[in-house]
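Enquirer: Generate a structure from the sequence data that follows.
(one chain, ligands or ions: 1)
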Amino acid sequence: MAIILSGKELSDRLTAEQTERVKELKAQGIHPGLAVVLVGEDPASQIYVRNKGIACETIGIHSETIRLPGDIGQEKLEETIQKLNEDRKISGILVQLPLPRNLDEDAALATVLPEKDVDGFHLTNAGKLFSGRETVIPCTPKGILYMLKEAGIPLVGKEAVVVGRSNIVGKPAAMLLLKEHCTVTICHSRTKNLAEHTRRADILVAAIGKPRFITADMVKPGAAVMDVGINRVDGKVVGDVDYEPVAQVAGYITPVPGGIGKMTISMLMENTLEAACRQGR
Ligand code: GUN
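Expert: Numbers count the residues shown, from 1 in each chain. Below is the predicted model:
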């Protein structure tokens, strides 16, 4: 039976630490602030954005949610981001993805000042990650690595298989694991014989977006299975991993909910505090 890696426990501990750090920063005249830009009415995004606001409030930092109608034009969206770039109360800017189809996501992300980019999605920051240089790390991959390290799971020379090639999770997670000296394979929807790859994994990252997609026969006994999925099935939230059967085979597993999702928010807070420190205000 796998050891359960609780994102909730870890994130509660981080919240307590961050609350203390915020007090210390404020005493030094540094006042972190996060702006979240939400365009349109996507129900999942509304929940994520609300949780980000609650997290800011909990650790005691300023937060603003800018809600824009789905039919806002590209120019108005970029103007909004520009204003936040210039706003001294704001240390970090997050543009919630996905944006409605009529908008150019790449152009919007390029408008965020790299110093205020708490997602690590600006090309400058993504490029630094790709080059193995110090930079802001996207929140979900950062949370995955934090959990692996906290659990003391060895990484050097291990086989890591990432299923999913998004810019938000799959690709940056692969880069981080590579930096930790894993042998990394990225699989995706066109991969042939997927199970042959996943069965080699000592560390398996599931970021597919399909409920219970990773089944027990796809998992190497003893593997660390990191489930990034948040899928709604019959009113219940389930991951990309078929949890109960996989937990019988894996050495470590993250639950959904209460796993990586919690860590993503903690890492967003971390990135916001780091941004505020870099800007010195
Ligand atoms: N949509 C899903 N995950 C994320 C994330 O980490 N950041 C942003 N900006 N949008 C998302």
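Enquirer: Which parts of the stretch 1-150 of the chain are strands?
Expert: 3-4, 33-39, 62-68, 92-95 (DSSP state E, counting those that start in this stretch).
Enquirer: Against the ligand - does the last one have any residue that ends up touching it?
Expert: Yes - with CB under 6 Å from any ligand atom as the criterion, the ligand is reached by strand 92-95 at 94-95. All C-beta spots, glycine's among them, are computed from the backbone N, C-alpha and C.
Enquirer: what packs against that strand?
Expert: strand 33-39, helix 74-86, helix 260-279 (3 or more CB pairs under 8 Å, 6 or more residues apart in numbering; DSSP states H and E).
Enquirer: Report all helices and strands that the last one contacts.
Expert: If contacts are counted by 3+ CB pairs under 8 Å, 6+ apart, helix 260-279 sits against helix 7-27, strand 33-39, helix 43-59, strand 92-95, helix 139-150.
Enquirer: please redo it, this time with the cut-off set to 7 Å
Expert: Packed against helix 260-279, as judged by 3 or more CB pairs under 7 Å, 6 or more residues apart in numbering; DSSP states H and E, are the following elements: helix 7-27, helix 43-59, strand 92-95, helix 139-150.
Enquirer: Next, format these as JSON lines and append mean neighbour count and mean pLDDT.
Expert: Converted to JSON lines, the helices and strands packed on helix 260-279 look like this (neighbours: other CB atoms under 10 Å; pLDDT from 0 to 100):
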{"stretch": "helix 7-27", "mean neighbour count": "16", "mean pLDDT": "98"}
{"stretch": "helix 43-59", "mean neighbour count": "16", "mean pLDDT": "97"}
{"stretch": "strand 92-95", "mean neighbour count": "27", "mean pLDDT": "98"}
{"stretch": "helix 139-150", "mean neighbour count": "23", "mean pLDDT": "98"}
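Enquirer: Any chance of these in TSV with distance to residue 273 as columns?
Expert: TSV is the format used below for the helices and strands packed on helix 260-279 (distance: least, CB to CB, whole Å):
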stretch	distance to residue 273
helix 7-27	6
helix 43-59	8
strand 92-95	9
helix 139-150	13
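Enquirer: ok, back up a step: residue 51 is nearest to which of the helices and strands packed on strand 92-95?
Expert: Nearest to residue 51 among those is helix 260-279 (6.0 Å), distances taken as CB to CB.
Enquirer: Buried residues, the closest one. List them.
Expert: 260-276, 279 (16 or more other CB atoms under 10 Å).
Enquirer: how about the nearest residue to residue 136 once chain neighbours are set aside, what does it touch?
Expert: In space, residue 136 comes closest to residue 120 once its chain neighbours are excluded; the distance is 4.3 Å by CB to CB, 6 or more residues apart in numbering. For residue 120, the residues meeting the contact criterion (CB atoms under 7 Å, 6 or more residues apart in numbering) are 126, 129, 135-138, 172.
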